[in-house]
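> I'll drop the sequence and a predicted model, then ask my questions.
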Amino acid sequence: MNKDYFEQLLIKTDLSLPAPEREPERQYYFIKKLRGIYTELYAKKKRDLCYHVETYGCQMNAKDSEKLAGILSMIGFKPTDSEKNADFVIYNTCTVRENANLKVYGRVGYLGNLKKKNPDMMIALCGCMMQEEHVVKKIKESYGFVDLVFGTHNLYMFAELLYECMLRKDRKPLVRVIDSSDKIVEALPSEQKYGFKAGVNISFGCNNFCTYCIVPYVRGREKSRKPDEIVSEVAEMVDNGVKEVMLLGQNVNSYGKDFLKNKAAAERMNQAVDFPELLHMVSMIPGLMRIRFMTPHPKDLSDKLIEEIANNPKVCKHVHLPLQSGSTEILRKMNRHYTKEDYLNLVKKIKDRIPGVALTTDIIVGFPGETEEDFADTLDVVEKAGFASAYTFQYSKRAGTPAASYPGQVPEDVVSERFDRLLALIHDTSDKLAKKAAGSVSEVLVEEINAEKGTLTGRMNNNMLVHFEGDEKLLGELVNVKLIECKGFYYLGELI
Ligand code: SF4
């Protein structure tokens, strides 16, 4: 849905009536109210009012931030890169790692100083971290200058909460965090970061309860968006120039399973669609060139999905398959529901069916109880799987997760020594793989202009990056590039 469509909705919104009960009409009502308030403020200040959204964490948060930015833009704010110039600052937080929380507290302290110089500045905090009681308590106690706090389940109510916040009698933080919601509100404005590629939520939450992960506690149980809503959102994006979409879910393989709890109803409403079928439906959209997805869980990546990736030319030949550990015993403690052998068999199946596929992964080093033998299993899988790249993490205790209280926490120096060995092996294997492609020609989507160097950066179908000389006008286009030299995680290339 483009901006004109949203503007039409605002025009139709009648502020002389009480706020509608239905969503998203209710949120448009509050956007319009806020537009009135901010128009007056704008006239008083005689300058644009600016917002700054800072995003921490994963792609899901990045997508949520686009929604926050969309709502702020509709109210009448303009974006700014720095908190210093902003009238409204919002931090969309992540709580996967405890030191990420500390970083946020540090930044909020800094905002407090800015607010002393600019008392009209408004500060909001949202995202996963706000779903934790102790965090909210700390904010109330130590950061009383924050204006608004809300969580992941009511992000769609941002306009309404902001309006409520404007009506406060005191300047204490308005806190609106709810424990869960099965609501998915469609058709809210969103400010896409790039015109040519976009992320699209297909589901929210997770049912897996890996023992190191806080996501199921802060994002709630899995809920899927309706397939027709997803397809029409992507079609609209493509009409507006998007060439590549990334379908987003904590575990995309479970897409649609919640609908099937009532199979007959799902069939009646054309919602009995699983993830491979959804991929296929999205790929039928004319003009869409590439589809990516993130993240599948190895425990239930089906043959049907492998076939869809193999046979569908629009689906990128890149599978991000989080390993986490190569040790069956550690995987059991992580509650991952697969063994070392299951993982390697899956890798073999994927590689056999999708020649040239790029596999990437996530690995945690030093999970409680990890012995040298367990770690050797991880190295063994890395060697055998041949990952194009990997996100590697040193295990750090996450309060609120079962693993935080597991015995056998591994000493820091041991974790760090294993981590270095793992990194060296990954560099080595990915380097060898990447070198093989040097000299070939690849289609890339031009994603960035590097003004200083006068080069462009493009992303290949397998997710690798290539830098090459070219005209800025190529931004957002698909072009062919010859890969001249491999530099490890990227190539230098030549436009052909
Ligand atoms: S699959 Fe596991 S690691 Fe991923 S979000 Fe769910 S609980 Fe967390």
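That came through, no problem.

> tell me which parts of the protein are close to the ligand?
Applying Cβ under 6 Å from any ligand atom, we find that the chain lies next to the ligand at 206, 208, 209, 210, 213, 215, 216, 250, 251, 297. For glycine as for every other residue, the C-beta is placed from the backbone atoms N, C-alpha and C.

> Give me the buried subset of these.
Using 16 or more other Cβ atoms under 10 Å as the burial test, the residues of the chain next to the ligand include 206, 208, 210, 213, 215, 216, 250, 251, 297 as buried.

> Just put those residues in CSV and tack on pLDDT, secondary structure and distance to residue 278.
Output for these, formatted as CSV (pLDDT from 0 to 100; DSSP: H, G, I helix; E, B strand; the rest coil; distance: Cβ to Cβ, whole Å):
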residue, pLDDT, secondary structure, distance to residue 278
206, 93, coil, 18
208, 94, coil, 19
210, 96, coil, 24
213, 93, coil, 24
215, 89, helix, 21
216, 91, helix, 22
250, 93, coil, 15
251, 94, coil, 14
297, 97, coil, 16
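
> got those as JSON lines, with distance to residue 259 columns?
As requested, those are exported to JSON lines (distance: Cβ to Cβ, whole Å):
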{"residue": "206", "distance to residue 259": "17"}
{"residue": "208", "distance to residue 259": "18"}
{"residue": "210", "distance to residue 259": "24"}
{"residue": "213", "distance to residue 259": "24"}
{"residue": "215", "distance to residue 259": "21"}
{"residue": "216", "distance to residue 259": "20"}
{"residue": "250", "distance to residue 259": "17"}
{"residue": "251", "distance to residue 259": "15"}
{"residue": "297", "distance to residue 259": "18"}
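
> What segments of the stretch 301-450 of the chain are strands?
Assigned by DSSP state E, counting those that start in this stretch, the stretch 301-450 of the chain shows strands spanning 318-320, 358-365, 389-394, 441-450.

> which stretches of the stretch 151-300 of the chain form strands?
Using DSSP E, counting those that start in this stretch, strands in the stretch 151-300 of the chain cover 174-176, 197-201, 203-204, 223-224, 244-248, 290-294.

> Deepest in the core, which of those strands is it.
The highest average neighbour count among the strands of the stretch 151-300 of the chain, using mean count of other Cβ atoms under 10 Å, belongs to strand 203-204 at a mean of 24.

> which strands and helices sit next to it?
strand 223-224 (3 or more Cβ pairs under 8 Å, 6 or more residues apart in numbering; DSSP states H and E).

> List the strands paired with the strand it packs on, with their directions.
strand 203-204 (antiparallel) (DSSP bridges).

> quick check, distance from the partner strand to the centre of its chain.
Chain-centre distance of strand 203-204: 11 Å, with Cα atoms, centre = their mean, to the nearest Å.

> Residue 467 sits in which helix or strand?
strand 465-469 (DSSP states H and E).

> ah, wrong one, I meant residue 107
Assigned by DSSP H and E, residue 107 belongs to helix 98-117.

> Now the element after that helix, going C-ward?
strand 122-127.

> what are the pairing partners of that next one, and which direction each?
Strand 122-127 has these strand partners (DSSP bridges): strand 88-93 (parallel), strand 148-150 (parallel).

> of the buried ones among the residues of the chain next to the ligand, closest to residue 110?
Distance to residue 110, by Cβ to Cβ, is smallest for residue 215 among those, at 27.5 Å.

> ok, now which ones touch that closest one?
96, 128, 205, 206, 250 (Cβ atoms under 8 Å, 6 or more residues apart in numbering).

> Please apply the same query to residue 98.
396, 397, 398, 399.

> Okay, the second one and the ligand: tell me how far apart.
Looking back up the chat, that one is residue 397. 15 Å (Cβ to the nearest ligand atom, to the nearest Å).

> now the strand holding residue 467 against strand 441-450, angle please.
If you take axes from the mean of the first three to the mean of the last three Cα atoms, to 10 degrees, strand 465-469 sits at 70 degrees to strand 441-450.
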